[in-house]
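> What would the 3D arrangement of this be:
(chains A and B)
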Amino acid sequence: MSSNKKYWQNLEELKESSSIVETHRNNEFSEEIPTDEFLGDKESLESSTTSRRDFLKYVGFSTAAASLAACEGPVMKSIPYVVQPERIVPGVANYYATTMADGFDFSGVLVRTREGRPIKIERNGMATTGANARVQASVLSLYDNKRLQRPTANGEVVSWGQFDREVTERLNNVSGDIVLLTQTFASPSTSRLINDFSQKYGNVRHVVYDTVSEDAALDAFQARYGTRALPNYDFSIAETIVSVGADFLGDWAGGGYDAAYALGRIPVEGKMSRHIQFESNFSITGANADKRVPVTITEQKQVLAALYNYIVGGSSASDLPARLDDAVAKAAAQLRKAGSNAVVLTGIPETDAQSLVLAINETLGSEVMDTSNPRMLRQGNATEVRQLVADMNAGQVGAIIVAGVNPVYSLPFSEEFVGGLAKVDLKVAFSMKKDETALLCDFVAATPHYLESWGDVQFTRKNYTLMQPTIRPLFDTSQFQDTLLRWTDNDNTYYEYIKETWKDALGTTSWIDALHDGAFEASEPEGISSTVTAGPTNVVVNDDSTAARNLAGAATQGLELELYTSVSMGSGNQANNPWLCELPDPITRASWDNYVKISKFDAEALGLENWHVSNGALNGRYVNLKVGDTVLEKVPVFVQPGQARGVVSLALGYGKKEGIQKDMQVGVNAYPLYRDFKSHQPVTLEKVAGEHEFACLQLHTTLMGRDDIVKETTLEIFNTRGPEVWNKIPEVSLNHVETPVTSPDVDLWDGFDRSTGHHFNMSIDLNACTGCGACVIACNAENNVPVVGKEEVRKYRDMHWLRIDRYYSSEESFEGDVQKKEGISGLGESLSGLSEMEVASDNPQTVFQPVMCQHCNHAPCETVCPVAATMHGRQGQNQMIYNRCVGTRYCANNCPYKVRRFNWFLYNKNDEFDYHMNNDLGRMVLNPDVTVRSRGVMEKCSFCIQKTQKTILDAKREGRVVQDGEFQTACSLACDKGAIIFGDVNDDTSLINELVEGERSYHLLEYVGTKPNVVYQTKVRNTSEA
Amino acid sequence: MKKVKNRHSVARILLLSVSFFLSFQAFIFAQDSPLSEDEPVRQETVQGAEESNVEAEPSGADAAAGKEIFNTLCAACHKLDGMSIGPPLRGVTDRRDKEWLHSWIRNSGAMIAAGDEQGVALYEEYNQVAMPPFTQLSDADIDNILAYVSQPKEVPPALQPGTDAVAGTGGGGGVSTDIVLGILAFVLLMLLVILYLVNKTLRRFATASGVELPVKEKRGKPIWKSFVENQFLVIVTSVILVLVGTYYFYGYLMQVGVDQGYQPIQPIHFSHKIHAGDNQIECKFCHSSARVSKTSGIPSLNVCMNCHKSVSEVADATATEEYTKEFYDGEIAKLYDAVGWDVTQQAYTGETEPVKWVRIHNLPDFAYFNHSQHVEVGGIACQTCHGPVQEMEIMYQNAPLTMGWCINCHRETNVRTAGNEYYEKVHEELSKKYGVEELTVAQMGGIECGKCHY
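Numbering: from 1, shown residues only, chains lettered A, B, ... in the order given. All right, here's what the predicted structure looks like:
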């Protein structure tokens, strides 16, 4: 019997004759099914004679045909040169010395080219500067698919001939000044050329604009020494370094000081330099310091004034709070003790502070500071830039030619600039990108990358480098100088023009030799200087005692903001470079972002926080930043241990939108806050709603007292006690007897004979590593490491073969951590004690530890691979065979160092990962000697086996023994600090052999018994206070 | 019964006659082949005779000796017919005075300097490239050269009446095979018909003479049925079938991606046989990057032009039955088109068109192979992997290029350590370890995965 129950679907059915019920009864779907949409054109569909059956037949047939066709191998074409250039042998790399000079980064480099295309940047040992991460990554910017490909006039593509004609015609008839607004070129030939240009057109004004200004330091130096330059420093002889807010291992004063600094940090004969850092923002310089004192920006000034008074003024006390006064007094004492080997630096963007530092160094008789051979890498003049914008708005400027800078993006008063630009008759932009400024200009001249250009650069008064093209221009571009030559009716190319400049000035060096070496020493060519002295030459500064009084009297202004440049992005010139976007910041370990760094204390006061979500990724709050009447909205907040209370900091160079691929339009533009070109600003923070997703690569930040990961000691203990105290070999229990883990008795495995042939080892010196990240980028470039994007990084699926771990101490020092850990007893205490240790200290000790595959002789990964895709070579390399790997990931699970990387996706030719490997141009950077990995395989550091094999082959072919120093990996080659040393331990005379046998060396997690081929050198800190 | 015997003998006679016929055919055929091998030799003798005829004709100069001198001294810049750096020389004696030629050859520079009208005109015409002086030549030498260059152009021998007969025989050889086969087929067919007829006639005889023919017994069961019923046989057969099937399937799978014998048609018919075989050009002369690089490199076209600037046509003797001289010359013309070489002007036009060769030896991207390692360090002959290239008219892939093939060679081949300082230490240590004098590549660590896969 059927039930008469009625099931109600909704209340509407209670109503009689409800229209809704009626419609639903007749119409199963409330909305019309969009059949037309997926069936396409209805009409043609109806008129088609193809039946469903036919369709299935076609599908079946084409599937069968496709699968049959797939059995055939593809036909590969091979196209040789018609005329092969003499020096190019397919398959053999050529090297050229050239120079990167983009106005922010200056570096003499060596470029590796294959079949005529540059694939890697290496540092040039003959040049005086190192190559940081951005320099290493600059080769990828050559293959940027957002580059301008040809010149345009009023938005139309034109030929260079027409471009020149139109511009020169208007230049000749211009009313008002012609202004060249350029980056710092530091180039004698360019200066000479601009002089020629001025002579031809008469009313020319050259304004140099540094995106990130060193104006205060330049003014102070000019006032004291007459040249608009920056003092040069030789940190390798420094015994005591006191820095007040100077990030001199970063981009301070043009950067590049880290290699010499690192030389003095390796203890030799019981001596190493002492580095004291007073700073607000937590920088890598602070992280490397022996003693780091977090101070507010106001305190920085007071500290500097006190230091001046102690050293120059001879006073014996200061008005500083006791905590600071103690530190300053001790620093002053140590400075005085080191005498001519001492140096004081500051990053305070005020002429007063910069003058004081020069005075202090003079009083100390510092030989570290060199004022006779000053640096020319910053020429910008903020006063003139301000004046220019005023003149533009007043309608006095008839033509503006912008080269190498993007003022619409980077000027703090960019709105005024845009307003002024509208009043300028002729607007020409020389740019590699259709950037914010180029968009507003009538004439846009596409310029080549530095790897396609000629040039000369004056690093210091005596040191020069040359820039030469390493590839034919990829596009229809013409460099600024070549265009200027045409506009001055000069038939020479810029190459000939440079040769002319140096015709008589090279001294004993020949032009070819200079070009080959890339760097040379010379005196300034007669009458030509790269210094620009167009504007008012006499700079007025306060006398030292007034300056000191001014600084000492600085008043606290509430919360302060420090703007800094990050290791990965710098001033933002290479914002469209995926390698740099994905390079984690050495301190925060966050990539793909900039953010406000704030101390925990301030964060709590403002109710801001960071937390980890369930998959381990980091999330955080947003704030609005207000400086004066400028508000930066929705800036993510990053709670930073070690950040000074009362100071927040934000990186410049992010938030570019124009000429940037969508995935790389990250971060916020901090330049509007860079008021008056001062990196220090008073600020107010306002918490706003929302949750920011960071791409932070390190979940756990403290070391938890695990001294088997990072071994640390003080110089005092290192000098007075044996290694058994500060570098103890771990012991394990064998039959209830503590036995050293190096003993063969406790080994599960039989050892192999490793004394025959080569056996590669690597040594990483924790004392010399500053965390700069150059090795990471070099590894990316050498080994075709893919970029995975922010979302994947959040899931910890980054592919970097080499990472630089950063650990904080949770107590004042790592030693304190160990003591605390060992002092814990009982369950309750360990629960509370250990969770306390997960929180970093307010002013933690910090250590950087590069970790790559340790190439264990007893590798845990090798034993678990079911298909033997990873195995040990006789030369000590743990080999990873991609074509054999089936992707079980057992090896990664069994690796104690977590260095194996899994290809979760296909990262090349995949629109989901729209980075350089997804376009033809970007793929030109790939190293043809290394396989591009596919989806589903494991990969990891190979110890650059392609490079070691190449070295061996070269030796075999030449019938000789491999010399020490010939074996190199990408990272060891990139590290100008000597922190990464690679070589053959079976060569008794090799440096690596000495390092491995050295008493500072230890293995990472030695007690596991994996017998790695990578050794670390115990970090020694110079904690002596007197 | 006697009749039966008789029947047998008929068949035998037939069989015998056929075999006799066949052996006769084979004999004719056998005579054919040495004849065709003789062919080129004969052609040459004919040519030789012709040359000596011509040579006897003018003033007793030795054209053969002249040819020798021409090839050593003149051929770099002159051809008999066709433009080169200098003008074509055939018939130059008709165009110029003999005295003038003598002094011109001796020292053309002096004549130009002296303002000789003809000389200056020539000098201007040929892009002001001066001919080097040949003062070492005697009058007789020059006469010999002139005798050589005044020979009339040879007409391709196949068209000459003297060689017709030979060519005819050669062609006949080709036709006769078909005829023989046809006759054979016909004979076999006839045989079948005869057999059938004989059988029919005999049966008729038998019925007529009352002989009882044996009748086949009908079997109880068809064979397949008893096979199906025999379980053991079914199992054994299916096991065998499965095994054989697996064997072939495995074989099929193993050849996927193995392109041994791959012989694609190339945009230019480049004959390694002519270059490396006939002319004995060393492989690395053109594939020079094999010495230093991982790739052996397909020679760029400017390398070809080093020789082909003056070699614009092949010698007549190069032509084969399959490929005529015109064909080869056409291929050289393709090179000229690609590299932009104007033969008449003897100059580059600048219009180039790179040649898209079809790559024959394809290693997957994940396998690293270095030519210089094998060729320079190991001293391995190119032919070890690439096969008899000097005999290949069309290049093909000789080796399977599978990993097993590589590994096998690495196991068997000794490393050439002698005289190489690099190997000294490791050779000493390893030979002690393995107790051998010579070390194989494998013993050196040459079969480690990471040595080729990274």
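> which ones are touching the residue sitting nearest the centre point of chain B?
Nearest to the geometric centre of chain B sits B:E393, at 3.2 Å (CA atoms, centre = their mean). Residues near B:E393 by CB atoms under 8 Å, 6 or more residues apart in numbering or on different chains: B:S271, B:H272, B:K273, B:E322, B:Y323. C-beta coordinates here come from the backbone N, C-alpha and C atoms, glycine included.
> what about 6 Å?
Contact analysis of B:E393 by CB atoms under 6 Å, 6 or more residues apart in numbering or on different chains lists B:S271, B:K273.
> Next, count neighbours for the residue lying closest to A:D817 once chain neighbours are set aside.
What sits nearest to A:D817 in space, not counting adjacent residues and going by CB to CB, 6 or more residues apart in numbering or on different chains, is A:G705, at 3.9 Å. By other CB atoms under 10 Å in any protein chain shown, 23 other residues sit near A:G705.
> May I ask which helix or strand encompasses A:G705?
Secondary structure from DSSP states H and E places A:G705 outside every helix and strand.
> secondary structure class for A:V623?
At A:V623 the chain is in strand, as set by DSSP: H, G, I helix; E, B strand; the rest coil.
> Is the residue nearest to it when sequence neighbours are not counted bridged to anything, and to what?
Once flanking residues are discounted, A:V623 sits nearest to A:L685: 4.6 Å by CB to CB, 6+ apart. With DSSP bridges as the criterion, A:L685 is bridged to A:L625.
> From A:I587, how far out is A:L685?
Distance of A:L685 to A:I587, given as CB to CB, to the nearest Å: 20 Å.
> what does B:C307 give?
64 Å.
> out of the two, which sits in the more crowded spot?
More crowded of B:C307 and A:I587, by other CB under 10 Å: A:I587, with 25 against 13.
> ok and the residue in the stretch 51-200 of chain B nearest chain A?
Proximity of the stretch 51-200 of chain B to chain A (CB to the nearest CB) peaks at B:I85, 19.3 Å away.
> name the helices or strands packed onto the helix or strand containing A:R192?
Using DSSP H and E, A:R192 sits in helix A:188-201. When contacts are defined as 3 or more CB pairs under 6 Å, 6 or more residues apart in numbering or on different chains; DSSP states H and E, helix A:188-201 packs onto strand A:204-208, strand A:455-458, helix A:480-487, helix A:494-501.
> What are the buried residues along that helix?
Buried positions in helix A:188-201, judged by neighbour count with 16 or more other CB atoms under 10 Å in any protein chain shown: A:P188, A:S189, A:T190, A:S191, A:R192, A:L193, A:I194, A:D196, A:F197, A:S198, A:K200, A:Y201.
> On the three-state scheme, the residue of chain B found nearest chain A is what?
Going by CB to the nearest CB, chain A is nearest to B:G450 of chain B, at 2.9 Å. On the three-state scheme (three-state DSSP), B:G450 is labelled helix.
> Please name the nearest non-neighbouring residue to it.
Spatially, and ignoring its direct neighbours in sequence, B:G450 is nearest to A:Q879 (2.9 Å; CB to CB, 6+ apart).
> Can you give me the pLDDT of the nearest residue to A:Q949 once chain neighbours are set aside?
Nearest non-adjacent residue to A:Q949, counting by CB to CB, 6+ apart: B:K451, 7.1 Å away. We have a pLDDT of 92 for B:K451.
> element containing residue 94, please.
In the absence of a named chain, this looks at chain A. Under the criterion of DSSP H and E, A:N94 resides in strand A:93-101.
> um, chain B though
Using DSSP H and E, the element containing B:D94 is helix B:92-95.
> Which other helices and strands does that helix contact?
Applying 3+ CB pairs under 6 Å, 6+ apart, one finds that helix B:92-95 contacts no other helix or strand.
> one more time with 10 Å
helix B:98-106, helix B:139-149 (3 or more CB pairs under 10 Å, 6 or more residues apart in numbering or on different chains; DSSP states H and E).
> deepest of those, which one?
Burial of those is given as mean neighbour count (mean count of other CB atoms under 10 Å in any protein chain shown); helix B:139-149 ranks first at a mean of 21.
> angle of that one against helix B:98-106?
100 degrees (axes from the mean of the first three to the mean of the last three CA atoms, to 10 degrees).
> Kindly check the end-to-end length of stretch A:150-157 for me.
One end of stretch A:150-157 sits 7 Å from the other (CA to CA, to the nearest Å).
> Could you look up the SS state of residue 109?
I went with chain A, as the question did not name one. strand.
> Go ahead and confirm it touches A:G256.
No. With contact defined as CB atoms under 10 Å, A:V109 does not reach A:G256; the gap is 11.7 Å.
> anything in contact with each of those two?
Taking CB atoms under 10 Å, 6 or more residues apart in numbering or on different chains as the contact rule, A:V109 and A:G256 both touch A:A127, A:T129, A:G130, A:A131, A:V135.
> In helices, which of the residues you listed fall?
A:V135 (DSSP state H).
> Buried ones among the shared contacts of A:V109 and A:G256?
Among these, those classed as buried by 16+ other CB under 10 Å are A:A127, A:T129, A:G130, A:A131, A:V135.
> Perfect, I'm done here.
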